[in-house]
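just a sequence and a predicted model for now, questions to come.
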Amino acid sequence: MIAAKPGGTVRERLLQAASELFYDEGVHTVGIDRVLARAGVAKASLYSAFGSKDELVRAYLEQRDRGVRERVEKRMAGLASPRERILAVFDSLAERVAQGSYHGCPFVRASAEGAPGSNAAREASAVHRAWRRDLLSRLARELGASDPEDTSRQLSLLYDGAATATIMDGDAEAPLAARRAAESVLDAVTAHPKKHTKPRRK
């Protein structure tokens, strides 16, 4: 039986095929011919839609970036306190892992596969990671952390560690453990608020 061609525009079909194959098997393991076959389009369509495989990889990661942001925003919706919103970032990861078919962070995987130096995968990944760091830093500042950037760094390390442990150790509970560790970090950074010294009288 011949599989029906996926619906949508040529660009949408290419991006959908790339998203499935790149995430399941890797951006460099999958040759462009397999993406074309999955999408049911000719090679010329790739170059007219994206220009190169490298730019297709960028578009794939940008699509993943939007998906992560949407999931995080959905988890944070309705939460008033900065603390709850920070923990929602970890809840979003736990939710994604629980859905199944989680193969690790697509940005880490794509960046690790490529050659050293600047490329589309690293550039798109840098944008995503900067967004997460900035989000956590802003929320840490709202929470009252004396060093929001350092708090963001600690939380980001916990997040990255959970994503890695889920795959490397087969530990589906890693995001929940990271969430508990994040709570300890937030307890520590808010236990001793920054002291404000009164100006001396002349």
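Perfect, thanks for sending it. Numbering: from 1, shown residues only.

ok, now which ones touch Lys53?
By Cβ atoms under 8 Å, 6 or more residues apart in numbering, the contact set of Lys53 is 32, 46. Glycine gets a C-beta too; all of them are placed from N, C-alpha and C.

can you do 10 Å?
The contact partners of Lys53, by Cβ atoms under 10 Å, 6 or more residues apart in numbering, come to 18, 27-28, 30-32, 35, 46-47, 120.

which SSE is the residue lying closest to Asp147 once chain neighbours are set aside in?
Spatial nearest neighbour of Asp147, chain neighbours left out: Val189 (7.6 Å); criterion: Cβ to Cβ, 6 or more residues apart in numbering. Assigning secondary structure by DSSP states H and E places Val189 in helix 174-191.

and Asp160, by the same measure?
helix 148-168.

again, but for Ala121
Assigned by DSSP H and E, Ala121 falls within helix 120-143.

helices and strands around that helix, which ones?
Where contact means 3 or more Cβ pairs under 10 Å, 6 or more residues apart in numbering; DSSP states H and E, helix 120-143 is packed against helix 53-76, helix 82-98, helix 106-113, helix 148-168, helix 174-191.

tell me the angle that helix makes with helix 82-98.
140 degrees (axes from the mean of the first three to the mean of the last three Cα atoms, to 10 degrees).

in helix 120-143, what counts as buried?
Under the neighbour-count criterion of 16 or more other Cβ atoms under 10 Å, helix 120-143 has 120-122, 124-125, 128-129, 132-133, 135-137, 139-141, 143 buried.
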